[in-house]
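Undergrad: Model the structure of this input:
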Amino acid sequence: MNHFDQSNRHFQGRGQKRSSFVAKTGRDSAADRVLALVSAHDAVAPALLLHPSRCRAPVARSRQLAMYLMHTLLGRSMTEVGAYFGRDRTTVAHACGLIEDCRDDRDFDEELTALEQKLSPGVHATFGAAREPDRVGY
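TA: As a prediction, the model looks like this:
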């Protein structure tokens, strides 16, 4: 077994986690819309945002942004967001914390607010009002 085969074997279980979640719950159109918007905004392929590896920093940051928006704007629990991305809820908590810290930067906050405004009308009109986010986050 070569190094490439060993690396792929490491990621096999993580990819299955997401596909089984989607099979049980069906497609999440609102979450798909968030993923598409972040993908277009950051010029990152949606497949990379859902890839089981960490990827490079810009891809990871885009994934964290998508996780943050799904949790805060759509009101999905951290467990639900983690399952969508094939990751653990603690990864989502970390991502949300990082994005919140970045909001201290005025330029970043304005850019994020613009993304939230692009999503808000469609999310509320098409998918109903977002659920109230968990107080504890789990």
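Undergrad: Quick check, residue 98 in contact with residue 65.
TA: No. With contact defined as C-beta atoms under 8 Å, residue 98 does not reach residue 65; the gap is 9.2 Å. Any C-beta I mention is one placed from the backbone N, CA and C, and that applies to glycine too.
Undergrad: three-state assignment of the residue lying closest to residue 46 once chain neighbours are set aside?
TA: Sequence neighbours aside, residue 39 is the residue nearest to residue 46 in space, at 4.6 Å (criterion: C-beta to C-beta, 6 or more residues apart in numbering). Here residue 39 is helix, with the state taken from DSSP: H, G, I helix; E, B strand; the rest coil.
Undergrad: OK, contacts around residue 39?
TA: Residue 39 sits next to 45, 46, 49, 62, 66 when contact means C-beta atoms under 8 Å, 6 or more residues apart in numbering.
Undergrad: Only whichever of the residues you listed are buried, select them in ChimeraX.
TA: Filtering the contacts of residue 39 down to the buried ones (16 or more other C-beta atoms under 10 Å) takes a single ChimeraX command:
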select :49,62,66
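Undergrad: mind putting the contacts of residue 39 in JSON lines, pLDDT included?
TA: As requested, the contacts of residue 39 are exported to JSON lines (pLDDT from 0 to 100):
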{"residue": "45", "pLDDT": "93"}
{"residue": "46", "pLDDT": "93"}
{"residue": "49", "pLDDT": "93"}
{"residue": "62", "pLDDT": "95"}
{"residue": "66", "pLDDT": "96"}
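Undergrad: Let's see which of the contacts of residue 39 end up in helices.
TA: Members of the contacts of residue 39 lying in helices (criterion: DSSP state H): 46, 49, 62, 66.
Undergrad: Spatially nearest residue to the second one (excluding sequence neighbours)?
TA: Once its chain neighbours are removed from consideration, residue 49 has its nearest residue in residue 63; the separation is 4.9 Å (C-beta to C-beta, 6+ apart).
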